[in-house]
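1. sequence first, then the predicted structure, then my questions.
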Amino acid sequence: MSTAIQEVRADDTLSGRLSGVIYENIVELIANNTFPVNSRLPSELELAERFNASRPVVREALQRLREDRVIISRQGSGSYVQRRPEGDILQLVPVGSLADVQRCFEFRSGLEPAAAALAALQRDSEALDRIAAAMRALDKCVAEGHLGTEEDFNLHNEIARATRNQYHASIQASLRSHVIAGMNVTRNLSLRRSEAQIRVVQQEHERIVAAIVAQNPDEAFAAMKNHIISARNRMFEGI
């Protein structure tokens with residue numbers, strides 16, 4: 001690999017990390033109401049000066065916030081706060097990791113629906129038994145008011161194993177710490193909200209499992225896609 005290519009990749013990595021830091025700082029300022037809902041954010045230039053960063057890095061952070069529906073752009077007017085996340089979210093992730101957690105959800109939304117669809121086609125009786133056991137364990141956590149992060153991951157892991165494709169299984173296993181970090185946030189936030197919210201999450205799991213049992217790959221794909229995207233959005237449900 002040439003030195004020039006290595007330098008470009010290093011610059012891209014640094015830029016991504018810096019934009020992640022700015023992303024988290026802006027989330028914190030919105031969460032603590034420094035930037036209230038419906039208020040206009042400072043301009044890119046002002047934010048660049050505030051965070052001692054380049055405008056392209058700030059622009060990337062703002063784009064991530066738009067993707068997460070925290071802010072919205074109005075042509076010719078700038079960026080406005082669309083919703084205020086709960087401040088608790090900043091205590092549930094390691095400092096500097098919030099953007100990474102969201103990007104993991106983004107990656108999972110492409111990976112796991114395909115795994116669910118393949119699992120619907122490839123599952124055998126043993127795989128169904130493992131999925132059913134994982135679902136019962138998660139049901140038990142919900143009924144007893146426990147967090148259930150490990151049980152949640154285990155269900156998703158068993159679905160990956162049910163594909164009988166070593167790549168799906170190995171990727172899911174390799175992502176364990178990142179996936180659990182996201183699940184820890186969303187499940188903690190759900191427990192702090194309402195019983196109805198917890199039930200909605202469990203119903204999403206039930207639809208995925210039902211589609212796999214019925215050998216319906218299209219429904220399994222759609223149900224998993226909806227679940228991952230909804231989980232990502234639940235991180236930033238407004239208050």
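-> Looks like it arrived, so ask away. Residues are numbered from 1 along each chain as shown.
2. surely residue 162 and residue 131 touch.
-> Yes. Using CB atoms under 8 Å as the test, residue 162 is close enough to residue 131 to be in contact (6.3 Å). In short, each C-beta sits where N, CA and C put it, glycine included.
3. what do the two both touch?
-> With contacts defined as CB atoms under 8 Å, 6 or more residues apart in numbering, the residues shared by residue 162 and residue 131 are 123, 212.
4. my read is residue 42 is in a helix, agree?
-> No. When the secondary structure is assigned by DSSP: H, G, I helix; E, B strand; the rest coil, residue 42 falls in coil instead of a helix.
5. mind listing what it touches?
-> Taking CB under 8 Å, 6+ apart, we find residue 42 in contact with residue 50.
6. need phi/psi at it.
-> For residue 42, the backbone dihedrals (degrees, to the nearest 10) come out as phi -60, psi 160.
7. gap between it and residue 50?
-> Counting by CB to CB, to the nearest Å, the gap between residue 42 and residue 50 amounts to 7 Å.
8. neighbours of residue 223, how many?
-> Residues within reach of residue 223, counting by other CB atoms under 10 Å, total 24.
9. let me know the pLDDT of it.
-> Per-residue confidence for residue 223 comes out at a pLDDT of 98.
10. next: residue 15.
-> The confidence metric pLDDT takes the value 58 at residue 15.
11. isn't residue 218 right up against residue 121?
-> No. Here residue 218 lies out of contact with residue 121, judged by CB under 8 Å, at a distance of 10.7 Å.
12. so these two - more neighbours on which side?
-> Remark: of residue 218 and residue 121, residue 121 carries more neighbours, 14 against 10, as counted by other CB under 10 Å.
13. ok, that one - contacts?
-> Residue 121 makes contact with 215, 217, according to CB under 8 Å, 6+ apart.
14. check which helix or strand covers it.
-> For residue 121, the enclosing helix or strand under DSSP states H and E is helix 98-122.
15. tell me how many other residues crowd residue 144.
-> By the criterion of other CB under 10 Å, residue 144 has 8 neighbours.
16. any idea how far residue 138 is from it?
-> When CB to CB is the yardstick, residue 144 and residue 138 sit 11 Å from each other.
17. list the buried residues in stretch 119-129.
-> Neighbour counts using 16 or more other CB atoms under 10 Å place 119, 120, 122, 123, 127, 128 of stretch 119-129 among the buried residues.
18. which one of the residues you listed is nearest residue 149?
-> Relative to residue 149, the closest of the buried residues of stretch 119-129 is residue 119; by CB to CB it sits at 21.4 Å.
19. give me the most central residue, the protein.
-> residue 105 (3.0 Å; CA atoms, centre = their mean).
20. could you report the pLDDT at that residue?
-> For residue 105, the predicted pLDDT is 93.
21. thought it was touching residue 182?
-> Yes. A contact is recorded between residue 105 and residue 182 when judged using CB under 8 Å, the distance being 5.7 Å.
22. which neighbours do those two share?
-> Counting by CB under 8 Å, 6+ apart, the shared contacts of residue 105 and residue 182 are 231, 232, 235.
23. could you dump those residues to TSV with secondary structure and neighbour count?
-> Listed next are these as TSV, based on DSSP: H, G, I helix; E, B strand; the rest coil; neighbours: other CB atoms under 10 Å:
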residue	secondary structure	neighbour count
231	helix	21
232	helix	22
235	coil	22
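24. need the phi and psi values for residue 35.
-> Per degrees, to the nearest 10, the backbone of residue 35 is at phi -110, psi 100.
25. what do you get for residue 80?
-> phi -120, psi 150.
26. and it, what does it touch?
-> Counted by CB under 8 Å, 6+ apart, residue 80 has contacts 38, 39, 40, 41, 71, 72, 73, 74.
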